[in-house]
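S.K.: Fold the following for me, if possible:
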Amino acid sequence: MIIETQFYPGALGEIITLHAQYYAENWGFGTFFEAKVGRELSDFATRCATNDLLLLARDDTGLAASLILDLNDSASGVRGGHLRWFIAAERCRGSGMGRALMETAITHAERHSGGRMWLTTFKGLGPARHLYESFGFHLAAEAPGEAWGTVVTEQEFQRKVP
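M.R.: So this is what the prediction gives:
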């Protein structure tokens, strides 16, 4: 396994594909969601700064996992770094890959944002929520919404400052 810390040719497409396939197969999300991921990821890629964190795990099959800590998201404010595009390919789920990427992100956030981090997700992703909570995130807001292209219970998690 190789961990890339910069975008490589095809990385954006692989990140979008991982998200589109997982959320279509497991949650019925469609083109709206795939386009949203593509649009927001492309916007990030064009403004990515040296203090942002990119973790792209690659193996012989391609992208195995991704995690991006966006420290320059204009929507973040005092919430700190925005944890985004965190996903593992099916072949890596349960392997500890996600935990290892999160440990690196936490260390990076502690150096660059005082440990403050936040993320958006939706209700029903139990293993992900368990992982977030094990790193000090807490549920800060929850409400029905359509930001994902279909009605779900949207959630925002914030990490408590150590």
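S.K.: Quick check: buried residues in stretch 146-153?
M.R.: Buried residues in stretch 146-153, counted by 16 or more other C-beta atoms under 10 Å: W148, G149, V152. Yep, even glycine has a C-beta here, placed from its N, CA and C like the rest.
S.K.: Now secondary structure too, for the residues you listed, in TSV please.
M.R.: Listed next are these as TSV, based on DSSP: H, G, I helix; E, B strand; the rest coil:
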residue	secondary structure
W148	coil
G149	coil
V152	strand
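S.K.: JSON lines for those, including distance to W118?
M.R.: Formatted as JSON lines, the buried residues of stretch 146-153 follow (distance: C-beta to C-beta, whole Å):
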{"residue": "W148", "distance to W118": "17"}
{"residue": "G149", "distance to W118": "21"}
{"residue": "V152", "distance to W118": "18"}
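S.K.: ok, of those, which one's closest to G124?
M.R.: V152 (7.5 Å; C-beta to C-beta).
S.K.: Which residues are in contact with the closest one?
M.R.: Contact analysis of V152 by C-beta atoms under 8 Å, 6 or more residues apart in numbering lists W27, F122, K123, G124, P144, G145, E146.
S.K.: same thing with L54?
M.R.: E4, T5, Q6, F7, C48, S66, I68.
S.K.: hang on, it in a helix?
M.R.: No - judged by three-state DSSP, L54 forms no part of a helix; its state is strand.
S.K.: For it, list each beta-bridge partner.
M.R.: Beta bridges link L54 to I68, judged by DSSP bridges.
S.K.: What of the one 4 residues further on?
M.R.: Partner residues in beta bridges with R58: I2, L63, with DSSP bridges as the criterion.
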